[in-house]
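> model this:
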Amino acid sequence: MPRGGQEGTVARPRPGRRPGLSRHEIALAALEIADREGLDALTMQRVAGGLGVGTMTLYGYFRSKAALLDAGIDAAVEDIEPVSGRGSWRERLYELVHAAWRGLTRHPGLVQIRLRQPVLRPESLRFSEAAYGLLLGAGFDRAEAAQAFRLLFTYTFGFAGLSPSQTVDEARRQAAAALIALPPEEYPHLTAAAAEASQAMAGEEQFEYGLERILDGLEARLGERGLAPPAPDARGGEPGKPADQTQRDQDA
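Numbers count the residues shown, from 1 in each chain. This next block holds a predicted model:
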């Protein structure tokens, strides 16, 4: 008679943990699937199969796919390169946003997650906290700092989503072929600029161009309001704050 005392019943597997398997390892495996194959391919079964464990084992670590996605977000954020925290507000903001974009190019799955739901994990909000601090320190009030940050955020995520680094060459080839095929008499400007337009479809150089123009605008906005941001000290600290304290705040 099967265990359980009633003939014809089968004991259901219970969630458990495998020795040596960590939550972080599972999160990285899930993130790898999302990055490589897209978010729709990410299932508990796929992750379990890749790790060589049963699906119920994963439920001993994560109660749901949503919880696993949260851990994947944290894993992606942890992979973002640290920034030096030195230079003017503009230089530091450029470095911060550029590092975030590079992180998104390594983990396109994070872009897909953000398109479906807000990314409001405490770890992911460290980027927002750092950017707000730089904008407020530059002289923007809280309302305009929030608007400026939203501009930078949507540009960075939008560029990563619409111009993924994995398909730069393909995007340029497709654009060039489409533009060259246009009748010049109807599209004189696009056909004449086919090479330049296709080059601008994607790539780090194009991202940097857009980021610089946004920062130009923010800098000009400060000038319009008559706000001159205080210069950092020679060691890269924030005005009014020792450099070692600035570094500790960034590391926190």
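
> quick one: the residue positioned nearest the centre of the chain and Ile113, what's the gap?
When the chain is reduced to its mean C-alpha position, the nearest residue by CA atoms, centre = their mean turns out to be Leu104, at 3.8 Å. Taking CB to CB, to the nearest Å as the measure, Leu104 and Ile113 are separated by 11 Å. Yep, even glycine has a C-beta here, placed from its N, CA and C like the rest.

> what about dumping the CA coordinates of stretch 201-211 to PDB?
Output of stretch 201-211 as PDB, limited to C-alpha atoms (Å, rounded to 0.1, in the frame of the first residue of the first chain):
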ATOM      1  CA  MET A 201      20.700  53.000 -35.100                       C
ATOM      2  CA  ALA A 202      22.600  51.600 -32.100                       C
ATOM      3  CA  GLY A 203      26.000  51.300 -30.400                       C
ATOM      4  CA  GLU A 204      27.900  52.900 -27.500                       C
ATOM      5  CA  GLU A 205      28.900  56.000 -29.500                       C
ATOM      6  CA  GLN A 206      25.200  56.800 -30.200                       C
ATOM      7  CA  PHE A 207      24.300  56.300 -26.500                       C
ATOM      8  CA  GLU A 208      27.100  58.600 -25.400                       C
ATOM      9  CA  TYR A 209      26.000  61.200 -27.900                       C
ATOM     10  CA  GLY A 210      22.400  61.200 -26.600                       C
ATOM     11  CA  LEU A 211      23.600  61.200 -22.900                       C
END
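
> name the helix or strand for the residue nearest to the centre of the chain, please.
helix 89-106 (DSSP states H and E).

> now whichever helix or strand comes after that helix and helix 89-106, what's the angle there?
Downstream of helix 89-106, the first helix or strand assigned by DSSP H and E is helix 108-116. In this structure, helix 108-116 runs at an angle of 100 degrees to helix 89-106, with axes from the mean of the first three to the mean of the last three CA atoms, to 10 degrees as the basis.
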